[in-house]
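A.B. asks: Okay, structure incoming, though there's no sequence with it:
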């Protein structure tokens, strides 16, 4: 049975926690939205000129939240362009996805990114209570972003698109990624919690038989319970660790 939104305790049989990176540990939404605008606007301008239509730029608030936020990059690019009645072949979509990652990482290197304070607090409390932790990211940049934010060493393991060969990365969240993280932590999935913001990632975790699947809906409107979340929170301060021994 799904739990209601609000306060939630990571206790009982849960002995490990897997954290998503973007939007869960790292405050990256503004940087990601800006990168999408940098990618889409030149394309849309050229497309409008070629097809003799009006140029309507990418809206970093409305378009980002509706079409790209919380989705794998390939799906985000496809869904946004479909909203403009534009259909591109796979290779062209993949090119836009790669350009987004390049611009995103460029902004990370120039201006940096920050972790959510509540995420840092929860990770520290998990360790104090003896829980193992992992960070996972379906994109190639996960470790790099965590390092830039100064939190990469807070996790027992980190898996991203460069460190998880054999899965379908970096195109779509894969159940195998979460299962691999749990096994590398030495914990069965049924004793592991997964905390994610992406509907696709939540569905992947649900398919893996994880003991608790937590959706993080910071910006609202995510309908995450419909995509597999057992409980939905708006911030990690609503999660607490209980019922475990303190680590030595």
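C.D. replies: Yes, it's here. Everything quoted here is computed from the prediction, not taken from an experiment.

A.B. asks: Low-confidence bits of the chain, can you list those?
C.D. replies: Scanning the chain for pLDDT under 70 picks out the ranges 1-7, 162-173, 221-222, 243-248.

A.B. asks: care to break it down by domain?
C.D. replies: Here the domain parsing of the chain from automatic domain parsing is 8-28+113-241, 29-111.

A.B. asks: Might you calculate how far the longest one sits from the centre of the chain?
C.D. replies: Chain-centre distance of domain 8-28+113-241: 8 Å, with C-alpha atoms, centre = their mean, to the nearest Å.

A.B. asks: and what of stretch 72-87?
C.D. replies: With C-alpha atoms, centre = their mean as the basis, stretch 72-87 stands 18 Å off its chain's centre.

A.B. asks: And it, what's buried?
C.D. replies: 72-78, 80-81, 84 (16 or more other C-beta atoms under 10 Å). Heads up, the C-betas are built off the backbone N, CA and C, glycines and all.

A.B. asks: Which members of those are the farthest-apart pair?
C.D. replies: Farthest apart among the buried residues of stretch 72-87 by C-beta to C-beta are 72 and 84. That separation is 19.3 Å.

A.B. asks: before we move on, the earlier item: please work out which of the domains of the chain is packed deepest.
C.D. replies: domain 8-28+113-241 (a mean of 21; mean count of other C-beta atoms under 10 Å).

A.B. asks: For it, measure first residue to last.
C.D. replies: With C-alpha to C-alpha, to the nearest Å as the measure, the first residue of domain 8-28+113-241 is 9 Å from its last.

A.B. asks: With stretch 142-159 instead?
C.D. replies: 8 Å.

A.B. asks: what residues does that stretch touch?
C.D. replies: Residues outside stretch 142-159 that contact it (C-beta atoms under 8 Å, 6 or more residues apart in numbering): 19, 21-22, 25-26, 28, 105, 108-109, 112-115, 119-120, 123-124, 127, 132-137, 160-163, 177, 180-181, 184-185.

A.B. asks: same thing but 6 Å
C.D. replies: For stretch 142-159, the external contacting residues (C-beta atoms under 6 Å, 6 or more residues apart in numbering) are 21, 26, 108, 112-115, 123, 132-136, 160, 181, 184.

A.B. asks: ok, now stretch 51-71?
C.D. replies: 33, 36-37, 40-41, 44-45, 48, 76, 79-80, 197-198.

A.B. asks: Contacts only, for residue 35.
C.D. replies: 100, 103-104.

A.B. asks: part of a helix, is it?
C.D. replies: Yes - judged by DSSP: H, G, I helix; E, B strand; the rest coil, residue 35 forms part of a helix.

A.B. asks: Break down this structure into its helices, ranges please.
C.D. replies: 29-51, 62-63, 73-83, 90-111, 117-128, 142-148, 175-185, 199-207 (DSSP state H).
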